[in-house]
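**Student:** Sequence first, then the predicted structure:
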Amino acid sequence: MNSTIYHNLLRFLGLVVFQGLVFKNIGENWDGFPYLHIFIYPVFLLLLPINIPSPLTLALGFLLGISVDFFYNTLGVHASASVCSAFLRPYVLRFLEPRNGYNINYSPTIARVGAGWFVRYASLLLTIHLFFYFSVEAFTFVYIADILLKTLVSFVISLVFVLIYQLIFNPLE
Amino acid sequence: MLQLLQLLLRFSGLFVFLLLELVCFSMVVKYNQRQSSVYLNTVNRFSGTIQEKTAAVYQYLQLYDENIRLARENARLLALVANTDKQGSPAEPDGISADSSLRRYQFQPAKVIRNSINQHHNYLILDKGLADGVVPHSGVVTDMGVVGIVRDVSEHYCVVMSLLHRQAKVSARIRDKGFFGPLTWRDTNPWLFTLDDIPKHAPVAKSDTIETSGYSSLFPPGLMIGVVDRLSMAPGSNFFNITVRSSLDMSNLQHVYIVKNLLAAEQDALERSAAKSDE
C-alpha cells in the first residue's frame, strides 16, 4: 500500500514537471499550425489504482490540473479537464470491464492488463480529457471545428507519448 | 434526515465533481483574460435586458441626487462656453489656432447598467455598443474623473475595464507642475490609487491636484483624477511613492461619457511606427 502511494506521488511530480517544463514548449509557437499540443500528465489519472474511492480521484485530478495550470498560467483550464477525466474514469473502467472482472488491487498498466486493453482505455480517457480541455480553452462552441481538429491532432501525438511512457517505465503499479 | 445522508453518500462522487468543476470554472473566468471576455459577452447577451430594467428602477430612486449633480455640471459647462466665447480657447496663444485641436474629442453619454468595486478586476457594463459607434479601447469618464477603458463591445452593450482593475493604467500629471507618470490601482480601497515615476526633485505637496496628462489617446488632458493623499520616498529611491485619493465615487456611477478621440488612429499609428523604428 505504501509503495503504491510512493509510486503515485513520484509519478505526479515527475509528470507535472515534465509537462510544464518540456512538453509545454513543444508546438506552442508554431504560428501556422496551432493544433498540436502534447499531453502527458493524464497518465497519472490513467494509472491510479482501480479501487481508489471516487472523491479521492476527483481531488487528485483537481490537484494535478491546478499544478499544470501554474506552469501554463491558465488557472482552472487544465484543472477542469482533469476533474472531468477523473469523474468519468470509473465509468470508462466499467464500460471496458473484461468478462472476469478486474483485479481491483492493481493499477491498469500494460504489464497488468495487456497492451490492447490499455490502448482502448487510454484512448477513451485521453479523448475526453483533450476535448474538454480545448472546449474550456475556447470557452465557446463557436469554434467547434477548431476544437475537434485540436483534439484529434493532439490525441494522436499524446497517445504515442503515453505509450512511450509505458514502454520506458513499464510500471506495475 | 437519514435518507438525505444516504443520498449524499451515494452520489458523493457526483457532488464532489460538480463542486470542483464550479471552483475550476470560477477560476477560469476570473484569471484568464480571453475566457473572461467570452463569459462577460455571453452574460451580457442573456441578462443585459434584465439588468437594464433593474438599473432603470434604481436610477429612478436616485433621481434627486442625479439632478443636483447634473445641474452642477450644466453650470460648469455654461461657464466654460461663456469663457470660450470671450477669450478663445485658453490653452492656445492669441492668433494661433490648430484647427485639429478644436474638435478633437467628442463625448457620448451612456448609462451604467452594471458595476462592481469589490473585486481585484472590476468591470462596468454600459448601454452603448457597436450600433452606437463605440469602439474598443476608448476612454470612459464623468465630469468628476476617469472611469475606465472600453474593452469589449457587443451590438448594444460594452464592457468597460474599470480604473479599479489591476491592469488598468492611466497617464496622469500634477496640475500646473507638469510632472507625469502612470496611475494604477494596487490597493483594495476603491478611493486610493498609486502614482509612479514622479522624480524626487518635483515640487509635489500634499493635496496637489492630479489630472490626466493627455499623452495617451484615450483621455483628454486636464481631466481631474484626484488629490495627493500620502507622499513618501523609499530610502535610496529617486522617485516618490504617491497615493492619490480619487475625486470620483466609483460605487455610485450612473451617467458616464465615452470619449471619442477623432485623432486617436493617427496618434497611435505614429507612436507605433516610432516604436517600430526603435527596434
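**Tutor:** Received the coordinates, thanks. Everything quoted here is computed from the prediction, not taken from an experiment.

**Student:** helix or strand right after the helix or strand bottoming out on mean pLDDT in chain B?
**Tutor:** The least trusted helix or strand in chain B, going by mean pLDDT, DSSP states H and E, turns out to be helix B:99-102, with a mean of 51. Sequence order places strand B:105-115 as the next helix or strand after helix B:99-102, per DSSP states H and E.

**Student:** Could you check the pLDDT of B:Leu270?
**Tutor:** Predicted confidence (pLDDT) at B:Leu270: the value is 88.

**Student:** Contact partners for the closest residue to chain B within chain A?
**Tutor:** Relative to chain B, the nearest point of chain A is A:Gly76 (3.2 Å; Cβ to the nearest Cβ). For the C-beta atoms, the positions are set from N, CA and C on the backbone; glycine is no exception. Contacts for A:Gly76 (Cβ atoms under 8 Å, 6 or more residues apart in numbering or on different chains) come out as A:66, A:69, A:136, B:23-32.

**Student:** who in chain B is up against chain A?
**Tutor:** The interface of chain B toward chain A, taken as Cβ under 8 Å from any Cβ of the partner chain, is made up of B:12-14, B:16-17, B:20-21, B:23-32, B:34-35, B:38-39, B:42.

**Student:** Just the buried residues of those.
**Tutor:** B:13, B:16-17, B:20-21, B:23-25, B:27-29, B:31-32, B:35, B:38-39 (16 or more other Cβ atoms under 10 Å in any protein chain shown).

**Student:** Farthest pair within those residues?
**Tutor:** B:Gly13 and B:Val38 (29.3 Å; Cβ to Cβ).

**Student:** Kindly report the residues of chain A close to chain B.
**Tutor:** Counting by Cβ under 8 Å from any Cβ, the residues of chain A near chain B are A:54-55, A:58-59, A:61-62, A:65, A:74-77, A:79-80, A:83-84, A:86-87, A:90, A:136-137, A:139-140.

**Student:** how about a cut-off of 6 Å?
**Tutor:** A:54-55, A:58, A:62, A:74-77, A:79-80, A:83, A:87, A:139-140 (Cβ under 6 Å from any Cβ of the partner chain).

**Student:** A:Phe169 versus B:Asp143, what's the distance?
**Tutor:** 68 Å (Cβ to Cβ, to the nearest Å).

**Student:** So which bits of the helix or strand containing B:Val244 are buried?
**Tutor:** Under the criterion of DSSP H and E, B:Val244 resides in strand B:241-246. For strand B:241-246, burial by neighbour count (16+ other Cβ under 10 Å) applies to B:242-246.

**Student:** Given it, what are its sheet partners and their directions?
**Tutor:** If you go by DSSP bridges, strand B:241-246 pairs up with strand B:192-195 (antiparallel), strand B:224-232 (antiparallel).

**Student:** which residues are in contact with the helix or strand following the first one?
**Tutor:** Past strand B:192-195, further along toward the C-terminus, the next helix or strand under DSSP H and E is strand B:209-212. Taking Cβ atoms under 6 Å, 6 or more residues apart in numbering or on different chains as the criterion, the residues outside strand B:209-212 that touch it are B:172, B:175, B:219, B:221-227, B:244.

**Student:** partner residues bridging B:Ala110?
**Tutor:** Applying DSSP bridges to B:Ala110, the residues it is bridged with are B:Val256.

**Student:** Show me where chain B has its strands.
**Tutor:** Here chain B has its strands, by DSSP state E, at B:105-115, B:121-126, B:139-142, B:145-153, B:158-165, B:170-174, B:180-184, B:192-195, B:209-212, B:224-232, B:241-246, B:255-261.

**Student:** Show me the one of those strands that comes nearest A:Gly27.
**Tutor:** Taking these one by one with Cβ to Cβ, strand B:145-153 is closest: 28.5 Å.

**Student:** Need the contact partners of that closest one.
**Tutor:** So strand B:145-153 is contacted by B:37, B:41, B:129-130, B:134, B:136, B:138, B:140-141, B:158-163, B:170, B:224-225, B:247-248, B:256 (Cβ under 6 Å, 6+ apart).

**Student:** again, but for stretch B:57-76
**Tutor:** So stretch B:57-76 is contacted by B:143, B:254 (Cβ under 6 Å, 6+ apart).

**Student:** Quick one: mean pLDDT for that stretch?
**Tutor:** On average, stretch B:57-76 scores 79.

**Student:** mind checking how far it is from the chain centre?
**Tutor:** From the chain centre to the centre of stretch B:57-76 is a distance of 21 Å (Cα atoms, centre = their mean, to the nearest Å).

**Student:** and if you look at stretch B:228-242?
**Tutor:** Distance, centroid of stretch B:228-242 to centroid of chain: 25 Å (Cα atoms, centre = their mean).

**Student:** Start and end of that stretch, how far apart?
**Tutor:** In stretch B:228-242, first residue to last residue: 7 Å (Cα to Cα, to the nearest Å).
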